[in-house]
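Engineer: build the 3D model from these lines:
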Amino acid sequence: MRVRRLLPTGLILPITAALCAVSAMAHPAGLRSIGSLALIAEAPTLLSRLFDPVPLANRLGNTPFIVYGVLLFSQAAAFLGLWWTARDYRVFRNMSIYLAMCGAQMIWLYLGGTKSNWLLIAVTGPVLVMIAGEAMHLQNRRWTLLIWPFSLFVAVAGWFRGFHFLQPLPVDVSDLILLVLIVQWARVGNRRDRPIAAAFAFFLCVRGTLSSNFRALTHAPVFIDVGGWLWAVTPAAIILLGAATLVIFVRDLIQDRREKQRMSAELEAARSVQQVLIPDEIASVPGFTIQSVYKPAGQVGGDFFQILPVKSGGVLVVIGDVSGKGMPAAMTVSLLVGTVRTLAHYTQSPGEILAAMNQRMMTRSHGGFTTCLVLRAVEDGTLTVANAGHIAPYLAGKELPLENGLPLGLSAETAYAESRFKLSPGQQLTLLTDGVVEARDKSGTLLGFERSGALSTQPAEAIAQAAQTFGQDDDITVLTIALLSL
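Structural biologist: I've put the predicted structure just below:
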């Protein structure tokens, strides 16, 4: 995201505590105490900068903060427990961090930290922003990290007398960024994340009540008197939203797991189909040495090939590449391979085979395409080749000059011309898919046709390994056919 992680769990609260200490020390009295190595002696003074003394008799009135703190820590524990069972679903862990920080704020207020509570609010704002961006699956959100240096600067500078005006700004800035993220989701987000976006929209409204500027404009109440107890509005709303968010995220997790199970089952089925269609062993063909290597880029690839000995002598070779991946590609490959095997009983003409495959692919491509090359080699070294948009074979390091037809499934009127060549004893013909030519290194440079041609005289395994080492970006298939010396 491509920053997908918040600060590690174990660092959030220590950083908060460190900020409190740094902020207290930023006061001149704190600096003098450090300079005189009397920090321990000045500890009560430093603590007084953070906490107002609360008489024991008056702490009873702060009991609602303890209740809020317990509820928030309980919700944090619930989110943490869910993350423990679903480690890849990091939003549970991140919400646990946020709610624990909110719970810490309640304990802070109970202990009399009203005048320094702005510091904790400034730190929780960036955390909520990071959670919202990840939970709504927004890709372009790296810019939101800028809120961290701003909030940390305010957390220190806000203690100095001339910078007190900065104290409420982290709330306003984090709310503004949260609003931008919600609008960004509304433009590019998917429907599945709609409840999550709605939850963070409510979080935005609730956090607005933390801003002194917002309260000054709206005169929104800070406390509600219930039975003689003053209950703060904001933490109560956060607790209710935390419960609602928990339900929403659990529902999203269930949908995510169902989708992953469906995709896993689909991939397993596609892999099973492909294992049947891609030959593990090459049949022995008199007069030829044939090698094959297949290296899919993922669990299921779109490359396919068939090597079919001909009863009258020689061999029929088919190699191709289906656009797309997964089960749709595997089913297309199964259709094509079935067609080839059936046609091989009636004709060994590469042009006729491609024409029949093209007809079978009409209305079945679904916007994709399939490149394919069919070659027939006989024992005297004569090669007959027809091509449907595939990479031409290499002979002696150079591409064969083939007549090229359209890929399969694009036009029912396409005819596939046949080209004839002669393979001399000891020569090797190399057939590739574009996974070799389009291998890409870390700088983005392609292996290309020239280097592929230079590699084409090597054994099939060496060619595939060279392309994979260069930087595999797609399925790699290599077939080599060598005519034995008489």
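Engineer: please count neighbours and contacts with C-alpha atoms only from this point.
Structural biologist: Will do.
Engineer: how far off centre is the longest helix seen in the chain?
Structural biologist: For the chain, the helix with the greatest residue count under DSSP state H is helix 233-277. Distance of helix 233-277 from the chain centroid (CA atoms, centre = their mean, to the nearest Å) equals 14 Å.
Engineer: which strands or helices does that helix pack on?
Structural biologist: Using 3 or more CA pairs under 8 Å, 6 or more residues apart in numbering; DSSP states H and E, the elements in contact with helix 233-277 are helix 63-85, helix 90-110, helix 194-208, helix 326-343.
Engineer: which one of those is the most hemmed in?
Structural biologist: With neighbours taken as mean count of other CA atoms under 10 Å, those reach their highest mean count in helix 90-110, at a mean of 24.
Engineer: what does it contact?
Structural biologist: 5-6, 9, 12-13, 59, 62-63, 65-66, 68-73, 75-80, 82-83, 114, 117, 120-121, 124, 127-128, 131, 134-135, 235, 242, 249 (CA atoms under 8 Å, 6 or more residues apart in numbering).
Engineer: what do you get if the cut-off is 6 Å, keeping everything else the same?
Structural biologist: Here helix 90-110 makes contact (CA atoms under 6 Å, 6 or more residues apart in numbering) with Asn62, Phe65, Gly69, Leu72, Phe73, Ala76, Phe79, Leu80, Trp83.
Engineer: okay, and the helix or strand of this structure with the least pLDDT?
Structural biologist: Among the helices and strands of the chain, helix 28-35 carries the lowest confidence by mean pLDDT, DSSP states H and E, at a mean of 43.
Engineer: can you give me the end-to-end distance of stretch 179-198?
Structural biologist: Using CA to CA, to the nearest Å, the end-to-end distance of stretch 179-198 comes to 11 Å.
Engineer: can you give me the buried ones in that stretch?
Structural biologist: By neighbour count on 16 or more other CA atoms under 10 Å, the buried set for stretch 179-198 is Leu179, Leu181, Ile182, Gln184, Trp185, Gly189, Asp193, Pro195, Ile196, Ala197.
Engineer: same thing with stretch 305-316?
Structural biologist: Neighbour count says stretch 305-316 has Phe305, Gln306, Ile307, Leu308, Pro309, Val310, Gly314, Val315, Leu316 buried, by 16+ other CA under 10 Å.
Engineer: where does the last one fall, secondary structure wise?
Structural biologist: Which is Leu316. Remark: Leu316 resides in strand 315-322, with elements defined by DSSP states H and E.
Engineer: do the second one as well
Structural biologist: Secondary structure assigned from DSSP H and E places Gln306 in strand 303-309.
Engineer: quick one: mean pLDDT for that strand?
Structural biologist: In this model, strand 303-309 has a mean pLDDT of 87.
Engineer: just want the angle from it to helix 326-343.
Structural biologist: Here strand 303-309 runs at 20 degrees with respect to helix 326-343, directions being taken by axes from the mean of the first three to the mean of the last three CA atoms, to 10 degrees.
Engineer: packing partners for strand 303-309?
Structural biologist: With contacts defined as 3 or more CA pairs under 6 Å, 6 or more residues apart in numbering; DSSP states H and E, the packing partners of strand 303-309 are strand 315-322.
Engineer: other SSEs contacting the strand it packs on?
Structural biologist: strand 303-309, strand 370-377.
Engineer: direction included, what does the shortest one pair up with?
Structural biologist: Strand partners for strand 303-309, identified by DSSP bridges, are recorded as strand 315-322 (antiparallel).
Engineer: show me the contact partners of the strand it pairs with.
Structural biologist: With CA under 6 Å, 6+ apart, strand 315-322 has contacts from 302-309, 370-377.
Engineer: for it, the distance to its chain's centre please.
Structural biologist: That offset, for strand 315-322, works out to 34 Å (CA atoms, centre = their mean).
Engineer: pLDDT averaged over that strand - what is it?
Structural biologist: 90.
Engineer: same question for stretch 64-77.
Structural biologist: Here the average pLDDT along stretch 64-77 is 92.
Engineer: neighbours of Pro407, how many?
Structural biologist: Neighbour count of Pro407, defined by other CA atoms under 10 Å: 23.
Engineer: actually, Ser443.
Structural biologist: 6.
Engineer: just Glu403 next, same as before
Structural biologist: Glu403, neighbours per other CA under 10 Å, totals 15.
Engineer: okay, it: pLDDT?
Structural biologist: For Glu403, pLDDT reads 87.
Engineer: quick check: phi and psi on it?
Structural biologist: phi -80, psi 120 (degrees, to the nearest 10).
Engineer: so how far is Leu230 from the nearest residue to it once chain neighbours are set aside?
Structural biologist: Once flanking residues are discounted, Glu403 sits nearest to Ala417: 6.3 Å by CA to CA, 6 or more residues apart in numbering. Between Ala417 and Leu230 the computed distance is 88 Å (CA to CA).
Engineer: so Thr289 bridges to which residues?
Structural biologist: Ala482.
Engineer: surely it meets Ala460?
Structural biologist: No - using CA atoms under 6 Å, Thr289 is not in contact with Ala460; the gap is 11.4 Å.
Engineer: out of those two, which sits in the more crowded spot?
Structural biologist: Ala460 (24 against 15).
Engineer: could you pull up the contacting residues of that one?
Structural biologist: Val478.
Engineer: so what pLDDT did it get?
Structural biologist: Predicted confidence (pLDDT) for Ala460: 91.
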